[in-house]
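> no letters, just coordinates:
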C-alpha cells in the first residue's frame, strides 16, 4: 500500500506544477540487463537470489563512481564484485569473464524499456504537469537511454538535466535549483521521484522539493534528518500514486 507521510490537513493545498524523475532504476529496471549479462557468463545457481542482489548493488555503486571519477577503472569495479563473491564464500571470476560480462551488459542495456505501469500513466501526466528528468551520468550515455525509453514523446528535451552536461551532481541541491530556474518554478511546486535515498531524496529535500522515494528494492529507511513525502515500493504502487495525482491536487 502507499505510505502517506504526515501532512497537516489545515495547510493550504499544494499546487504541484511539475513531476521530475530520476532515470536509472526509477523509470526502468536497471537490474534486468545486469542479471541477463551475468547469467550469460556465470552459469551457476549462486547467480540468483541475494547474491545477485548484492552484486548488483555493488555494481551500481561502482558504476556511478566510474562516471564520476576518471581514475577509477573497470578492473577496480570487477575487483569489488569479486569481493562480494568472496563475502558469500564463492570463488572469484576471472578478468576475462568479467570483460565478457561487461560486453554483454552493454548489449543488454541497449534494450531497456520503461516500467509498463509507469508508461501507462505518462500521457495523462503530460496533460496536467510539466515533466522532467534529473540524472547523474555521462551526457551521451544518458541521452541514449532517454531515446531508447522513448521519453521525448512526453518529456521536452530541455527538461532533461544531466549532471555531466551542467557540471552538478545529485545530491547537490543546486542541480534541482537549476531545474527550477529552467522552468521558472518555485521549489514547493515540484515533486521528485527517485530510487536512491541519498542522491534523490536528500538532494531534493535540501532543495525544498517534495520527494517521493521509489523504494522498489525494499531497502531499509536510512537514518536521516530528511524524510520522503511518500514511499512507494512497487511500480504498481507508483502508477497508482501518479494516477491519483492526475485527477486530484496533491
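Happy to help now that I have it. Being a predicted model, the structure only gives us computed values, none of them experimental. Numbers count the residues shown, from 1 in each chain.
> quick check: which ranges of the chain have low pLDDT?
Under the criterion of pLDDT under 70, the regions of the chain flagged as low confidence span 1-14, 64-72, 248-250.
> which parts of it are helices?
In order along the chain, the chain carries the following helices (DSSP state H): 31-41, 49-68, 74-87, 95-109, 116-128, 139-148, 163-166, 174-183, 203-206, 235-247.
> enumerate the positions of the longest one that are buried.
Okay, so that is helix 49-68. Applying a neighbour-count criterion of 16 or more other Cβ atoms under 10 Å, one finds 51, 52, 55, 56, 58, 59, 60, 62, 63, 64, 67 buried in helix 49-68. C-beta: built from backbone N, CA, C; applies to glycine.
> from what I see, residue 121 and residue 244 are in contact.
No - applying Cβ atoms under 8 Å, one finds residue 121 not in contact with residue 244, separated by 10.1 Å.
> more crowded one of the two?
Counting neighbours by other Cβ atoms under 10 Å for residue 121 and for residue 244 shows that residue 121 has the greater number, 20 against 11.
> ok, that one - contacts?
The contact partners of residue 121, taken as Cβ atoms under 8 Å, 6 or more residues apart in numbering, are 239, 242, 243, 246.
> tell me the spacing between it and residue 247.
11 Å (Cβ to Cβ, to the nearest Å).
> now residue 215
Distance of residue 215 to residue 247, given as Cβ to Cβ: 24 Å.
> the two: which has the busier surroundings?
Neighbours around residue 215 and residue 247, counted as other Cβ under 10 Å, are more numerous at residue 215. The numbers are 21 against 8.
> right, and residue 59 touches residue 82 too?
No - judged on Cβ under 8 Å, residue 59 makes no contact with residue 82 at a distance of 11.6 Å.
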